[in-house]
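[1] give me the fold of what follows.
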Amino acid sequence: MTEPFRTKPDERLDDVTIQLHRPATVRGPVSSKDSRNLKGLQVRAHAVDKRGNRYYDPTTQTNEDGIFEVSHIRPGEHFIQLEPFTLNAEDLPADRSVVVELTEGETKDGIELTLNEK
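    Purely as a prediction, here's the structure:
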């Protein structure tokens, strides 16, 4: 991502460099205070800088053991969040939302989220 900038119709941009970066991955367990089935819960990565589109956040589902792996995350700071999601990522409880700093190509294991609601 780059700093936002404005353009005008028919404006020509010179000296613009587009650079691709290897995406990051996060994974870890979802736990519950009761013995609920944790399979199929949605987990997403939402950029702290809010330069993404929340409708296209990298999202996955937990497997039969409650383990998730979210891939294709751009480098930077991200909320790793357990459903149900809110309009403002900052509004989720701390046990359902963890902020992580990710570097290019990094895989970060052991991100733990907790499902406390019934």
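
[2] how near is D109 to R44?
    When C-beta to C-beta, to the nearest Å is the yardstick, D109 and R44 sit 18 Å from each other. C-beta coordinates here come from the backbone N, C-alpha and C atoms, glycine included.

[3] when those two are compared, which one has more neighbours?
    R44 (21 against 9; other C-beta atoms under 10 Å).

[4] beta-bridge partners for that one, please?
    Bridge pairing for R44 (DSSP bridges) gives the partners T59, Q81.

[5] how much space separates it from L13?
    When C-beta to C-beta is the yardstick, R44 and L13 sit 32 Å from each other.

[6] longest strand in this structure, by residue count?
    With secondary structure taken from DSSP state E, the chain has its longest strand at strand 24-32.

[7] which elements pack onto it?
    Using 3 or more C-beta pairs under 8 Å, 6 or more residues apart in numbering; DSSP states H and E as the contact test, the elements touching strand 24-32 are strand 67-73, strand 76-82, strand 97-102, strand 107-108, strand 113-115.

[8] where does pLDDT dip in the chain?
    Under the criterion of pLDDT under 70, the regions of the chain flagged as low confidence span 1, 117-118.

[9] 90 instead?
    Low-confidence regions of the chain, defined here as pLDDT under 90, cover residues 1-6, 13, 15-20, 32-37, 50-55, 86-89, 92-95, 115-118.

[10] okay, which residue is most central for it?
    With distances taken as C-alpha atoms, centre = their mean, A45 lies nearest the centre of the chain, 0.6 Å away.

[11] so what touches the longest strand of the chain?
    Where contact means C-beta atoms under 8 Å, 6 or more residues apart in numbering, the residues beyond strand 24-32 that reach it are 38, 41, 43, 45, 62, 65-75, 78, 80, 82, 100, 102-116.

[12] all set, thanks.
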